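J.: Sequence and predicted structure below; questions after.
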Amino acid sequence: MGNTLKMDKKDLIKRLFKTGWSNRKQQLWAYCHLGKGCYQSGNTFLNKKQKRGNRYLKAMALGAATRTIRCKPNPYRSQYVDYVEVKGKRPQMAKRIVARHIITTMWTMWRKGEQYRG
């Protein structure tokens, strides 16, 4: 029983990503429960939160975004500040955007086997 509960983070991420979906960016965001939900009803566009996806990847991405935003200056923090102060986005939405960028960067690094070049 001890071995079944022990799983390193790398193995967990691989298992979560190895479920069936294409490698397009929008589909990756939707799979991570961070997708953009925009629906049209007549001439009106409605924005709704995405209800489908992997909640564990969402929690991991939002946790990483929160931690990155609170740390010393880095590209993701400056991006968050730009979205909040310059573009006038709500902090919660800016954090979701940063989480999308983190997930996309992480997926690209994992797929190509590269190191992070921040």
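T.: Thanks, I have it.
J.: element containing residue 34?
T.: Assigned by DSSP states H and E, residue 34 belongs to no helix or strand.
J.: Quick check: it vs residue 67, distance?
T.: For residue 34, the distance to residue 67 equals 16 Å [CB to CB, to the nearest Å]. Heads up, the C-betas are built off the backbone N, CA and C, glycines and all.
J.: same check, this time on residue 115
T.: If you go by CB to CB, the gap between residue 115 and residue 67 works out to 20 Å.
J.: do the same with residue 118
T.: For residue 118 relative to residue 67 (CB to CB), the value is 14 Å.
J.: who has more neighbours, the two?
T.: residue 67 (11 against 7; other CB atoms under 10 Å).
J.: can you confirm that one is in a helix?
T.: Yes. Counting by DSSP: H, G, I helix; E, B strand; the rest coil, residue 67 falls inside a helix.
J.: those helices in the protein, which residues are they?
T.: 2-5, 9-17, 25-31, 55-70, 75-81, 91-112 (DSSP state H).
J.: hey, least reliable of the ones you listed by pLDDT?
T.: Averaged per stretch, pLDDT over those is lowest on helix 2-5, reaching a mean of 47.
J.: what sits against residue 72?
T.: Residues near residue 72 by CB atoms under 8 Å, 6 or more residues apart in numbering: none.
J.: So what's the predicted local confidence for it?
T.: 88.
J.: any idea how far it lies from residue 93?
T.: For residue 72 relative to residue 93 (CB to CB), the value is 23 Å.
J.: Then residue 56?
T.: 22 Å.
J.: Also residue 29?
T.: With CB to CB as the criterion, residue 29 and residue 93 are 13 Å apart.
J.: When these two are compared, which one has more neighbours?
T.: Ranked by neighbour count (other CB under 10 Å), residue 29 and residue 93 place residue 29 first, with 22 against 12.
J.: Quick check: the more buried one vs residue 79, distance?
T.: From residue 29 to residue 79 the distance is 16 Å (CB to CB).
J.: ok, now residue 102?
T.: For residue 102, the distance to residue 79 - CB to CB - is 10 Å.
J.: Show me which of those two is the more surrounded one.
T.: residue 102 (21 against 16).
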